[in-house]
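Undergrad: when you get a sec, could you give me coordinates for this:
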Amino acid sequence: MSTSHGKTALVTGANSGLGKAIAHALASTGWRVGLVARHRARGEAAVAEIQTSTDNADLHLFVADLADQSALRALAEQVLERFDRVHLLVNNAGTAFPARRLSPDGIECALAVNHLAPFLLTHLLLERLQSSAPARIVNVGTRIDTVMDFTDLNWERRPYRMMQAYGQSKLGNLHFTFELARRLQGSGVTVNCVFPGVFKSNLGGTDGAQGLFWKLVSVLVGWALPTADQAARRVLHVATAPEVDDVSGRYFGDRKTLKAPPQVLNPAANRRLWEISETLTGLSEDASALDVSNA
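TA: Numbers count the residues shown, from 1 in each chain. This next block holds a predicted model:
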């Protein structure tokens with residue numbers, strides 16, 4: 001299959017689950033798709049499977065550990081070298097950790113992967129997205145009513161709790177979405193966050209987060225949960241539907257806007273996390289990387 005419309009997408013966490021389902025759906029409709037995976041063998045298997053089932057040969061594997069900012073920067077360089085246009089960025093990759101773990105940059109790993117990785121990767125690809133406009137950024141979020149403790153994002157003062165750390169790091173996706181949408185007004189690039197619903201997922205499975213309890217739950221009620229392919233429809237609507245062309249700064253569920261937790265509705269809180277994230281990713285040292293506002 002040749003690329004029918006000349007559109008290019010990059011999907012993180014694309015070797016399994018939701019990311020793979022999104023990549024497969026895009027490939028089946030003629031998109032050129034970049035698949036980001038942490039493990040080369042799993043990524044190659046996913047590319048081969050999608051290529052066989054869609055007859056789309058325009059699939060490209062990028063291997064990177066999203067917890068490592070040097071790997072993220074290398075990933076962005078590879079994407080920019082290979083793709084002269086990027087029309088869609090799906091920040092899908094997410095994980096959870098049963099115990100506190102630090103990234104190579106000394107950052108708690110759930111925060112590093114779930115929030116800072118999409119923050120940094122989006123910044124590094126933003127100029128290419130803007131030059132490819134109209135373009136879309138879709139952040140895959142989680143529906144958890146929590147707040148981020150901006151004074152202890154690295155879990156140095158509190159006892160580490162897996163689900164609390166996961167929820168707070170994923171709340172960062174909403175803070176980021178809302179602030180970036182304000183900064184991108186009029187640029188031709190939209191950004192939205194989407195909750196794909198509860199579905200059969202391997203979330204954190206390769207990082208030790210799926211213990212005996214969750215495996216038992218999966219065995220007992222997994223049959224009743226939607227599949228990754230079904231969950232992907234929510235993301236694909238926000239990523240490709242014509243009626244979302246000019247929509248930005250929204251939090252979607254199943255084609256409808258969801259009520260966001262109170263903290264992320266505070267623009268000052270959005271800006272505070274943005275500034276903290278700039279510091280943690282080193283972007284504050286590079287003024288050119290931050291020039292995304294029309295102000």
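Undergrad: could you point out the helix or strand that follows the helix or strand encompassing residue 122?
TA: Here residue 122 is covered by helix 117-131, with elements defined by DSSP states H and E. Next helix or strand after helix 117-131 toward the C-terminus (DSSP H and E): strand 135-140.
Undergrad: please enumerate the helices of the stretch 51-200 of the chain.
TA: 69-82, 109-111, 117-131, 162-183 (DSSP state H, counting those that start in this stretch).
Undergrad: which of those is buried the deepest?
TA: Ranked by mean neighbour count, the helices of the stretch 51-200 of the chain are led by helix 109-111 with a mean of 25 (mean count of other C-beta atoms under 10 Å). All C-beta atoms are positioned from the backbone trio N, CA, C, and that covers glycine.
Undergrad: which strands or helices does that one pack on?
TA: If contacts are counted by 3 or more C-beta pairs under 8 Å, 6 or more residues apart in numbering; DSSP states H and E, helix 109-111 sits against helix 162-183.
Undergrad: could you tell me the angle between the helix it packs on and helix 117-131?
TA: Helix 162-183 runs at 20 degrees relative to helix 117-131, counting by axes from the mean of the first three to the mean of the last three C-alpha atoms, to 10 degrees.
Undergrad: which other helices and strands contact helix 162-183?
TA: helix 109-111, helix 117-131, strand 135-140, strand 189-194, helix 267-281.
Undergrad: redo the helices of the stretch 51-200 of the chain as a markdown table? Include mean pLDDT.
TA: As requested, the helices of the stretch 51-200 of the chain are exported to a markdown table (pLDDT from 0 to 100):
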| stretch | mean pLDDT |
| --- | --- |
| helix 69-82 | 98 |
| helix 109-111 | 96 |
| helix 117-131 | 98 |
| helix 162-183 | 96 |
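Undergrad: in JSON lines, list those along with distance to residue 281.
TA: Converted to JSON lines, those look like this (distance: least, C-beta to C-beta, whole Å):
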{"stretch": "helix 69-82", "distance to residue 281": "6"}
{"stretch": "helix 109-111", "distance to residue 281": "11"}
{"stretch": "helix 117-131", "distance to residue 281": "4"}
{"stretch": "helix 162-183", "distance to residue 281": "12"}
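Undergrad: just to revisit the earlier point, ok, and what's touching the helix holding residue 122?
TA: With C-beta atoms under 8 Å, 6 or more residues apart in numbering as the test, helix 117-131 has contacts from 10, 12, 66-67, 69, 72-73, 75-76, 79-80, 83, 85-87, 89, 91, 93, 135, 137, 139, 172-173, 176, 180, 187-189, 191, 277, 281, 283, 289-290, 292.
Undergrad: find the nearest non-adjacent residue to residue 253, please.
TA: Using C-beta to C-beta, 6 or more residues apart in numbering and skipping residues adjacent in sequence, the residue nearest residue 253 is residue 195, 5.2 Å away.
Undergrad: and for residue 258?
TA: Nearest to residue 258 is residue 251, by C-beta to C-beta, 6+ apart, at 4.9 Å.
Undergrad: can you check the pLDDT for the one you found?
TA: Here the pLDDT value assigned to residue 251 is 97.
Undergrad: again, but for residue 234
TA: For residue 234, the predicted pLDDT is 93.
Undergrad: any idea of the angle the helix or strand containing it forms with strand 189-194?
TA: If you go by DSSP H and E, residue 234 is part of helix 228-240. Angle of helix 228-240 versus strand 189-194, following the same axes, to 10 degrees, is 150 degrees.
Undergrad: I'd like the next helix or strand past helix 228-240.
TA: By DSSP H and E, the next helix or strand past helix 228-240 is strand 251-252.
Undergrad: gap between that following strand and the chain center?
TA: 14 Å (C-alpha atoms, centre = their mean, to the nearest Å).
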